[in-house]
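Asks: need coordinates for the below:
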Amino acid sequence: MEPPEPQYAKSGDVHIAYQVIGEGPIDLVYVAEFMNSIEAQWEEPHYARYLERLASFSRLICFDPRGKGLSDPVALDQLPTLEQWMDDVRVVMSSAGSERAALLGLAGGGMMSMLFAATYPDQTEALVLINSYARLTEAADHLPGASLEREEDVIREMQFGWGRGILLERVAPSMSGDPAFRSWFGKYQRLGSSPGTVVAMRRMIQQTDVRHVLQSIHVPTLIIHRKDNWWIDITQGRYLAKQIPGARLVEVPGVDYFPFLGDADAVLDPIEEFLTGVPRGGRSDRALVTVMFTDIVDSTKRAASLGDKPWRDLLDRHNEAVRRVLDRFRGREIDTAGDGFLATFDGPGRAVRAAQALHEAVGSLGLDVRIGLHSGEVELAASDVRGIAVHIGARIAHRAGPGEILVSSTVKDLVAGSGIEFEDRGTHQLKGVPGEWHLYAAKD
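Replies: Okay, here's the model as predicted:
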C-alpha cells in the first residue's frame, strides 16, 4: 500500500497536515503521541503494517497537530494546549468529511482523546486508548504516575540526544540492537519535533491532569496496555479502566511501548473486534463543558445612583458587550438573570480568555464584574444546561471578589501549557456541594 498524500486543513491561521487511507465503515482518527510524524511513520515496515491493518477495517485519518511534523510550526511559548489540539482534530475531521469518528489515542494523545470524547460526544463514535494515562506524573492521590525524578531524567535525555534515537531502550527494548530501526527512530524524532518543541511539550504534559474528565466519558471505551512496558506503567491503564464508566481493559503481554512492535496483532485484534461491533447512531445528551457565571459588582448601588432609565441603557450596553465576547470565543449564552450571564464553552482555556476579554469590555463602560468558571459534565437541553457542574460554577462565582476571575482546580489542570497564570486562593466549602474545593484566580 502506497503512503497517502498529505492534505491540509485550516485551524484558524494554522495549516494542519493530515492523511486519509482505507474505506472501512467507521472513521478512525489516530491521535499519536506528541513525537509522531505522519511522514516518517510509513517508512518503518512494522509501523506501516500496523497502519494498514487499521485501515483495513476503517477509514483511517492521521494528522500532525500544530507545531509538529508537516503542520505549521509554532513558537515554543505557543505550543498547542489540549483545547487547541481538539480544534485541530475537529477541522481535520471536517476537511476529511467526517461528522463522527472513533478516536485512537496513544499515550499523551490519549489525554486529548479523553477530553474530546467528553466534550464532543456527538462527534465521537468510540474511544480506544493505548498505553495512555490521565495524569503522567505521580501525586499524593495518584500513585500510578511516574516519579518526578524519572521525568527529569527523560527531559535531560531529550535535551541532549533528541534526533539520534535517544530513549530507544525505554520505548522499544526489543529493537534496541537493530541499527536500521535506531536510524529510523532518530529520523522519526527529527521529523516529528525539534528538541525545543519536544521538551516544551513534555513539560506541558507533565502539568496536565484530565482525571476530572473521566467520569464524563460516555462513549464505548477500550483500553489496551502493554503489561511490561517501562514508558507507561500498566497501573495507569488499570486506573483508567476503573474510572471511565463501562470501559473494557485488555492487558497485552510485551515490553515495547510502541504498539506496532512485538505482537502487534494482540493489540490490533481487540481494536478491530471492538470497533466493528460498536452500534452506530445514538447520541449522548450529556457533555463536558466549561460553565461561566458573571455578575456586575455593586449593581444595586449603581442602579440607585443612576436612576431607572440610565441604568437600563447601561445594562443594555453591558449585555451587548458580553454577547460580543461570547461570539468571539464560541461561548453559548444559556441565561441572563438580572445583571448576570450564564454561558458555556467547549474548552476551558477559551472560557478563561473570554472572561479576561469580558473584564476589559465591561471595564470600558465603567463597570466591574466577578466571574466564576468550572469544567464539568452537564445535561444538555435545547436552551438549558443542568447538573452539579452548573451549581458548582454558580457557587464559585459567588466566592469571587470584585473584578476577579475565580476558577476550580479542574479548569486550572485542563489549561496547563496555555500560558494562563493563576494565583492560589486556597480551599473552600461551596454551599450545597460536598467536599472542599481548591480555587484559583486567573490573572488578567
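Asks: please, where are all the helices along the stretch 301-444 of the chain?
Replies: Along the stretch 301-444 of the chain, counting by DSSP state H, counting those that start in this stretch, helices occupy 308-328, 348-363, 388-399, 409-414.
Asks: now L103: phi and psi?
Replies: Backbone torsions of L103, given as degrees, to the nearest 10, read phi -110, psi 130.
Asks: residues near it, how many?
Replies: 29 (other Cβ atoms under 10 Å). Any C-beta I mention is one placed from the backbone N, CA and C, and that applies to glycine too.
Asks: residues in contact with it?
Replies: L103 makes contact with 28-29, 31, 89, 113, 116-117, 124, 126-128 under the criterion Cβ atoms under 8 Å, 6 or more residues apart in numbering.
Asks: ok, so what distance separates H46 from S56?
Replies: Distance, H46 to S56, using Cβ to Cβ, to the nearest Å: 16 Å.
Asks: so between those two, which is more surrounded?
Replies: H46 (18 against 15).
Asks: pretty sure the more buried one sits in a helix.
Replies: Yes: with DSSP: H, G, I helix; E, B strand; the rest coil as the criterion, H46 is part of a helix.
Asks: against A180, how distant is it?
Replies: 11 Å.
Asks: please look at P220 and T124 and confirm they touch.
Replies: No: P220 lies out of contact with T124 (Cβ atoms under 8 Å); the separation is 9.4 Å.
Asks: the more surrounded of these two?
Replies: Set P220 next to T124 and count neighbours by other Cβ under 10 Å: T124 wins out with 23 against 20.
Asks: model confidence score at V278, please.
Replies: V278 carries a pLDDT value of 52.
Asks: ditto for the one 3 residues further on
Replies: pLDDT for G281: 48.
Asks: cool, and G307?
Replies: 88.
Asks: that one: neighbour count?
Replies: Neighbours of G307 (other Cβ under 10 Å): 9.
Asks: and what of the one 5 residues further on?
Replies: Using other Cβ under 10 Å, R312 has 11 other residues around it.
Asks: distance-wise, check it relative to A361.
Replies: 19 Å.
Asks: residues near the residue lying closest to G432 once chain neighbours are set aside, how many?
Replies: Leaving aside its chain neighbours, G432 sits nearest to H391 (6.4 Å; criterion: Cβ to Cβ, 6 or more residues apart in numbering). By the criterion of other Cβ under 10 Å, H391 has 17 neighbours.
Asks: hmm, H391 is touching K431, no?
Replies: No: the pair H391 / K431 is not scored as a contact, 9.1 Å apart, by Cβ under 8 Å.
Asks: just the endpoints, please. Distance across stretch 75-91?
Replies: Terminal residues of stretch 75-91 lie 21 Å apart, using Cα to Cα, to the nearest Å.
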